[in-house]
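Engineer: sequence first, predicted coordinates after that:
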Amino acid sequence: MNTRKPLAIEARGLRKAYGDNIVLDGIDIAVPEGSIYSLLGPNGAGKTTTVKILSTLARADAGEAFVNGADLHRDSDGVRKSIGVTGQFAAVDQLLNGTENLHLMGRLHHLGKAETKRRAAELLERLDITDIAKRLPSTYSGGQNRRLDIAMSLMGSPRVIFLDEPTTGLDPRSRRVMWEIIRELVSGGTTIFLTTQYLEEADELADRIAVLDGGKIVAEGTAAELKRLIPGGHISLQLLRIDQLEKAANLLGATAHDTEQLTIQVPGDGSVASLRSLIDLLDHESIEVGELTVHKPDLDDVFLTLTGQARPQKETRR
C-alpha cells in the first residue's frame, strides 16, 4: 500500500540568475502536504528568491513547479488563491489597526462582509491578539506584529504558507510562541515552507530540511539524517585525579585533553554499547571519572561541514 502523502509543493530544475550571478542552479523540491519543510542556507544562498518564485512574486529562468497541483507558470492565479506569504518583515498597514488590516485582507480575498468579520475575529483570538486589535501596529511589540502578519496571511484559509524568516528579530520567548503557532497550523493540515537563519528553529520544527549553498541543494533529509552525514561524535570525560590524566588519554586514544580542567576528549558515537564498553574499561583500570558528556554532531556541525560557514547569516536581499 502506498502511504506517501500527496505533494503540496513540487519543483524541478528551478534556475534563477541576476546578470552573471547564478542564484539557483537547477534545484528540486518536494514538500508533502501537512508537513514543515525548512530551507537553510548562508547569506545570499537564494532562500528568499526560492520563496518569491514559489509564491509567484518572481519568475524562474528555467524549471517547473506546482503548488497544490497548480502549475506555477500556467496558473499563477490558482497558486495565489491557495497560499499565504509572510516575509522577513511584517507587511501590515501601519495606518490601519489590527482588525482593519484583517478586514482589508478579507476584501482582497473577495470574502463577504460577514465572513470577513467572522474570520478576522477567529484569527485574532487564535493568535492571541484580540486585546490589541483596535490599536495601531506601531504600538505593537515585534512578536505581536509578526502574529498580526501571520493572521493576515491566513485570512484566505491557505493550504500552503510560505514563512520567510518569520522569527527574525524576535526575543526567545516570542520565537517559541511563534513555533507553537506554526505547529498548530500544521496539526490542522496546513503545509509550511519555512526559511530560517536559526538552526535550532529548523531542528525543532522541520519534518525535512534542505541545505542550499552555491545555488544548489547540497543535502536534504530529516534533522537526524543530516546529523548522521557528519562524523565527529565524541565523549568528554572529566577526571578526578590529575595523575591519571596521561594514562587515560593514552588508553582511550584521546583526541584532545585539558590539564587544567582535567578533561579528555575521546571518539565515540554515544551509543549504549560504546558507553558501556568505555565505562567497563575505566573501571578495569581504576580510572576515576567525575563527569561524562556525550557530544553528537548537531546542525551547526552539518552546516559548517557542508557550506564552510558556522551557521546561516541573516539574508536580506535574496
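Structural biologist: Everything's here; your move.

Engineer: please enumerate the helices of the stretch 201-318 of the chain.
Structural biologist: 223-228, 245-252, 272-284, 299-307 (DSSP state H, counting those that start in this stretch).

Engineer: most tightly surrounded among those?
Structural biologist: Among the helices of the stretch 201-318 of the chain, judged by mean count of other CB atoms under 10 Å, the one packed with the most neighbours on average is helix 299-307 (a mean of 19). To be clear about C-beta, it is placed using only N, CA and C from the backbone, and glycine gets the same treatment.

Engineer: flag the shaky bits of the protein, pLDDT-wise.
Structural biologist: For the chain, the stretches with pLDDT under 70 are 1-3, 88-90, 232, 269, 308-318.

Engineer: and the longest helix seen in it, what does it pack onto?
Structural biologist: For the chain, the longest helix by residue count, based on DSSP state H, is helix 172-187. Applying 3 or more CB pairs under 8 Å, 6 or more residues apart in numbering; DSSP states H and E, we find helix 172-187 packed against helix 142-154, strand 191-195, helix 199-205.

Engineer: buried stuff in that helix?
Structural biologist: Of the residues in helix 172-187, 174-175, 177-179, 181-182, 185-186 count as buried by neighbour count, 16 or more other CB atoms under 10 Å.

Engineer: just stretch 205-214 next, same as before
Structural biologist: Using 16+ other CB under 10 Å as the test for burial, stretch 205-214 gives 205-206, 208-213.

Engineer: again, but for stretch 189-197
Structural biologist: If you call a residue buried by 16+ other CB under 10 Å, then stretch 189-197 has these buried ones: 190-197.

Engineer: chain neighbours aside, what residue packs nearest to P6?
Structural biologist: Spatial nearest neighbour of P6, excluding adjacent residues (CB to CB, 6 or more residues apart in numbering): E33 at 5.4 Å.

Engineer: residues contacting the one you found?
Structural biologist: Counting by CB atoms under 8 Å, 6 or more residues apart in numbering, E33 touches 5-8, 159, 189, 191.

Engineer: mind running it again at 6 Å?
Structural biologist: 5-6, 8, 191 (CB atoms under 6 Å, 6 or more residues apart in numbering).

Engineer: also V160?
Structural biologist: V160 touches 8, 83, 191, counting by CB under 6 Å, 6+ apart.

Engineer: cool, and A62?
Structural biologist: R15.

Engineer: re the thing from before, could you dump the buried residues of helix 172-187 to JSON lines with distance to L124?
Structural biologist: Converted to JSON lines, those look like this (distance: CB to CB, whole Å):
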{"residue": "S174", "distance to L124": "17"}
{"residue": "R175", "distance to L124": "21"}
{"residue": "V177", "distance to L124": "15"}
{"residue": "M178", "distance to L124": "16"}
{"residue": "W179", "distance to L124": "20"}
{"residue": "I181", "distance to L124": "13"}
{"residue": "I182", "distance to L124": "18"}
{"residue": "L185", "distance to L124": "16"}
{"residue": "V186", "distance to L124": "21"}
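
Engineer: out of those, who's nearest P166?
Structural biologist: Closest approach to P166 among the buried residues of helix 172-187 (CB to CB): M178, at 6.1 Å.

Engineer: I'd say that closest one and T167 touch.
Structural biologist: Yes: counting by CB atoms under 6 Å, M178 does reach T167; the two are 5.1 Å apart.

Engineer: find the centremost residue of the protein, please.
Structural biologist: For the chain, the residue nearest the mean C-alpha position is A202 (3.1 Å; CA atoms, centre = their mean).

Engineer: excluding sequence neighbours, find me the nearest residue to that one.
Structural biologist: Per CB to CB, 6+ apart, closest to A202 is S38, 4.1 Å.
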